[in-house]
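**Q** Turn this into a structure:
(chains A and B)
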2 protein chains.
Amino acid sequence: MDEKLLKKMCIEARKIFLSSLEAVEPYASVKRSVRIAGNKLILGTEEQDTTELDLTKYDRVFLVGGGKATAPMARAVEDLFGKKIHKGIINVKYGYTEKLSITRIIEAGHPLPDSNGVEGTKSIIALLKECGKKDLIFSLISGGGSALLPLPAGDITLSEKLKMTSSLMACGATIDEINAVRKHISSVKGGQMAKAAYPATTINLILSDVVGNKMDVIASGPFVPDSSTFNDAWEILKKYNLKNIPATILAHLKSGMEGQVSETPKADEPFFSSVHSLIVASNTLALKAASKKAQELGYKTMILSSMIEGDTTHVAHVHSAIVREIIQTGNPIPSPACILSGGETTVTIKGKGLGGRNQEFALVAAMDISGAENIVILSGGTDGTDGPTDAAGAIADTTTLSRAMDMGLNPGHFLANNDSYHFFQKLGDLLITGPTNTNVMDLRIMLVNTQVSQFRQD
Amino acid sequence: MDEKLLKKMCIEARKIFLSSLEAVEPYASVKRSVRIAGNKLILGTEEQDTTELDLTKYDRVFLVGGGKATAPMARAVEDLFGKKIHKGIINVKYGYTEKLSITRIIEAGHPLPDSNGVEGTKSIIALLKECGKKDLIFSLISGGGSALLPLPAGDITLSEKLKMTSSLMACGATIDEINAVRKHISSVKGGQMAKAAYPATTINLILSDVVGNKMDVIASGPFVPDSSTFNDAWEILKKYNLKNIPATILAHLKSGMEGQVSETPKADEPFFSSVHSLIVASNTLALKAASKKAQELGYKTMILSSMIEGDTTHVAHVHSAIVREIIQTGNPIPSPACILSGGETTVTIKGKGLGGRNQEFALVAAMDISGAENIVILSGGTDGTDGPTDAAGAIADTTTLSRAMDMGLNPGHFLANNDSYHFFQKLGDLLITGPTNTNVMDLRIMLVNTQVSQFRQD
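**A** This next block holds a predicted model:
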């Protein structure tokens, strides 16, 4: 172990994390993905397949959206189109606002939707219905969009809808099952905004906060075809034998099955050809930016997966096994190595301490790599807030445990009490970025260097 | 998905697994690592650092050992030295015997040691003490060696020793803690055979069945220095506040702390310079052989880690996330890809079904990859027996779930009942090799091919 080299690696890990945050910043992400060249609107980056639209076909530009990151996304569209924007409305979380020229920002409840959200969504639907064939709509979607764009269908109230969702969560329904039900008791989710916007052309810009970037899942896909049906929703309620389902919900689902209420739009609906959906930022993009920065710093890099889910402790053990393998055999890539992964793990809270999944990941990893050669493991949430803490995550290295022991801290006790925040706070190894206004889930950055430090001579 | 290509990939996964088994077959492993050239004995393969011994220095060759794989290892040494072998004794598990010319095979209890094991170990110690400076001893060690080479210290009985170990396991002691205690209530573990063999020269050939190939852990390291002390062992018993510790054990540990009984030999003991230890087969070696075979079959390969431990379900999810990433972004390596990993996971048994950690891994993976492009995931134990079954493991592919559904099998029910054996048996996707006489833990072989099948024209 080489403490000077380790310190340098810790700083490098932080730099790599910050580089990846820059790449998924909402304003920059929209600017990178949408360009105007003469009369052409070009969608997509050079690395993607691009779509070109002829701007002379459109008279007016509109802007709608919902999600925590949509204010800076809207600013980017305003910067591009200026006064050509006729009108805009976006729903954001309380406090997630900023100064925009034209677009009206409605602050609303998240994670629990509220009446502000409902009123904003009604205004958005009214705006979409106002649009005609010669209008171009920008729809801005990011994490939190599902709660921030609530509009219960039929006579269902917001509180009935919320009760339904929490019953489904409590009975162990899968996320796909919950989404199928939610889309069928909503007036906007599951492609219904696309239907409202027709015959206008919609450019649907998405900042993805879900594993696998499924567009029908992000914010419940208001502009994306839905594959589930009223019958599916009904079968799911039957499957879990749910009691006390509000009568309004049962009535609405029955009407849907009998064809009295329209089904959510399916992929073969012709109006989806007027919607151009594009992921402007994602965990994959953050990983690529991290990989680029790590290469600049001299590391060989490997992106393991952007889709890592599961229990934090076990996922951390697998990651530790990979970095320890680098030291033992040079697999999967030789030192100096940077292994990257993304996704979102879960923590089963048993203790009363303070922490988050990223800080807990770092604590487990610290125990696994203790005393090995030079290893640094950073785990951080791209939104800057890990669990209910002011830290984005934490940084572990091969001296973390011995430094903790020297201070009289027992890592096992902190772990058992889910108190990773105070463990890393005492060591000065929290990762603090402040709120980042973006969210593409979590990143892990693992650096291994078995070489002798270039500073040893100093 | 391409069923013809998938079938081909399933056959390839089996071929890759069999190639890795060949590489760690005990007889072949010894033959590869020990060669005679003229008067020189060369230890190590071309890929390793080799050690040369001058055979003219030695008058006699002896052979001792313990472990499930030691009969074929002994046959390899007999093939090399023929009648130059003066005497040999090895302890193997009941039924793990074969025909040898000179070496006496003692069949004994495993995983529970018995009096046959004790008698055999006494004979081995007597043989070692008989050896002098001009003798060359081959010590053959493999998985199971700890139970197969039992010799309680002092007045401790075998049943007292077993009781001690099971109390430690029950109270949640770590494996390092259990080993520290075991080595200090034994007359052979923790380097004590090396002491008995001195002043002879010992060649200690090890077939590793532990994560990280720690030589002091494999079979409790009878020829390897021990870093733990009588004081450590005493503190561990105090830490877990164990009741009903046999008086003989307490007395022996006290004698040890008071210096009336010798401490286990430490790394600075001069007689360890007469011991040449060499890992002749390991999980890493199996992974390398698998990688070579996969490359011959046209795959790009990546060895993730040989040290994967933890809960089977979560570990399987991480593996699935990596192969799904290949399909989505070509990371960490592009298709056609073969990702390899090794180690040994654990299963918390809740159901009453039949299965093992490898079959359960395959079942979880089957659910994760269902319906994706062409993916095959094989998980198998290199000893050929996964849990209490006659299968080494199982093979999952992207059609496993739909084929199961067609047969009316509910994979979730089989998983909840820990009944992976019957699930894969019904599908015809068990991996059956029969007992392999070796054990370097488990292997996972994951094949991904997003290409169109070359057979599509047929």
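
**Q** Would you map out the domains in chain A?
**A** Dividing chain A into domains by automatic domain parsing, as the record does, gives the ranges A:3-19+A:286-448, A:26-151+A:186-228+A:264-281.

**Q** Any idea how far apart the tips of the first one sit?
**A** Distances were taken as CA to CA, to the nearest Å; on that basis the terminal residues of domain A:3-19+A:286-448 are 13 Å apart.

**Q** What of the longest one?
**A** With CA to CA as the measure, the first residue of domain A:26-151+A:186-228+A:264-281 is 8 Å from its last.

**Q** One more: stretch A:207-219?
**A** Taking CA to CA, the span from the opening residue of stretch A:207-219 to its closing residue is 10 Å.

**Q** before we move on, back to that, so which of the domains of chain A is nearest chain B?
**A** domain A:3-19+A:286-448 (3.5 Å; CB to the nearest CB). Placement of C-beta: from N, CA and C, glycine included.

**Q** The domains of chain A: which one's closest to B:Ser320?
**A** Distances from B:Ser320 to each of the domains of chain A were compared by CB to CB, and the smallest falls on domain A:3-19+A:286-448, at 8.3 Å.

**Q** wait, does the closest one contact chain B?
**A** Yes. For domain A:3-19+A:286-448, a contact with chain B is found by CB under 8 Å from any CB of the partner chain, at A:287, A:302-311, A:313-315, A:317-318, A:321-322, A:324-325, A:328-329, A:331-332, A:343.

**Q** Report the rounded mean pLDDT for that domain.
**A** What domain A:3-19+A:286-448 shows for mean pLDDT is 96.

**Q** One more: stretch A:121-140?
**A** Computed over stretch A:121-140, the mean pLDDT rounds to 97.

**Q** Run through the neighbouring helices and strands of the strand or helix carrying A:Glu360.
**A** Here A:Glu360 sits within helix A:357-369, counting by DSSP states H and E. In terms of contacts (3 or more CB pairs under 8 Å, 6 or more residues apart in numbering or on different chains; DSSP states H and E), helix A:357-369 is packed against helix A:312-329, strand A:374-381, strand A:393-397, helix A:400-406, helix A:411-416, helix A:420-427, strand A:442-449.

**Q** tilt between it and strand A:393-397?
**A** Using axes from the mean of the first three to the mean of the last three CA atoms, to 10 degrees, the direction of helix A:357-369 lies 10 degrees away from that of strand A:393-397.

**Q** Name the residues of helix A:357-369 that come out as buried.
**A** Within helix A:357-369, the residues that qualify as buried are A:357-369, counting by 16 or more other CB atoms under 10 Å in any protein chain shown.

**Q** Out of those, which two are the most distant from each other?
**A** A:Arg357 and A:Ile369 (18.4 Å).

**Q** Report the central residue of chain A.
**A** A:Asp209 (1.7 Å; CA atoms, centre = their mean).

**Q** ok, that one touching A:Ile141?
**A** No. The pair A:Asp209 / A:Ile141 is not scored as a contact, 10.1 Å apart, by CB atoms under 8 Å.

**Q** Can you pull the residues that touch both of the two?
**A** Shared between the contact lists of A:Asp209 and A:Ile141 (criterion: CB atoms under 8 Å, 6 or more residues apart in numbering or on different chains) are residues A:Ile218.

**Q** Please identify the most buried of the helices and strands packed on helix A:357-369.
**A** Comparing these by mean neighbour count (mean count of other CB atoms under 10 Å in any protein chain shown), strand A:393-397 comes out on top with a mean of 31.

**Q** Show me what that one is packed against.
**A** Counting contacts by 3+ CB pairs under 8 Å, 6+ apart, strand A:393-397 packs against helix A:3-23, helix A:357-369, strand A:374-381, helix A:420-427, strand A:430-431.

**Q** three-state assignment of the closest residue to A:Tyr96 other than its chain neighbours?
**A** In this structure, A:Tyr96 finds its nearest non-sequential neighbour in A:Lys68, 5.2 Å apart by CB to CB, 6 or more residues apart in numbering or on different chains. A:Lys68 carries the three-state label coil when classified by DSSP: H, G, I helix; E, B strand; the rest coil.

**Q** tell me the pLDDT at the closest residue to chain B within the stretch 51-200 of chain A?
**A** When distances are taken as CB to the nearest CB, the stretch 51-200 of chain A reaches nearest to chain B at A:Thr174, 10.4 Å away. Note on A:Thr174: pLDDT of 86.

**Q** From B:Asp311, how far out is it?
**A** Taken as CB to CB, to the nearest Å, the spacing of A:Thr174 relative to B:Asp311 amounts to 20 Å.

**Q** Between these two, point out the one with more neighbours.
**A** Comparing A:Thr174 with B:Asp311 by neighbour count (other CB atoms under 10 Å in any protein chain shown), the higher total belongs to B:Asp311, at 18 against 10.

**Q** Look up how far chain A lies from that one.
**A** Using CB to the nearest CB, to the nearest Å, one gets 5 Å for the distance from B:Asp311 to chain A.

**Q** can you give me the helices in the stretch 1-150 of chain A?
**A** Along the stretch 1-150 of chain A, the segments classed as helices by DSSP state H, counting those that start in this stretch run A:3-23, A:26-33, A:70-81, A:115-130, A:145-148.

**Q** Tell me which of the ones you listed is the most buried.
**A** Burial of the helices of the stretch 1-150 of chain A is given as mean neighbour count (mean count of other CB under 10 Å); helix A:145-148 ranks first at a mean of 28.

**Q** Next secondary structure element downstream of that helix?
**A** Scanning forward in sequence from helix A:145-148, with DSSP H and E defining helices and strands, the next element found is helix A:158-170.

**Q** re earlier: am I right that the residue nearest to A:Tyr96 is in contact with A:Thr436?
**A** No. Assessed by CB under 8 Å, A:Lys68 is found out of contact with A:Thr436, at 10.3 Å.

**Q** residues shared between the contacts of the two?
**A** Overlap of the contact sets of A:Lys68 and A:Thr436 (by CB under 8 Å, 6+ apart) consists of A:Asp383.

**Q** Of the two, which one has the most company?
**A** Counting neighbours by other CB under 10 Å for A:Lys68 and for A:Thr436 shows that A:Lys68 has the greater number, 25 against 21.

**Q** now the more buried one: how far from A:Ser402?
**A** A:Lys68 is 40 Å from A:Ser402, where distance means CB to CB.

**Q** Repeat that for A:Pro265.
**A** Taking CB to CB, one finds A:Pro265 at 59 Å from A:Ser402.
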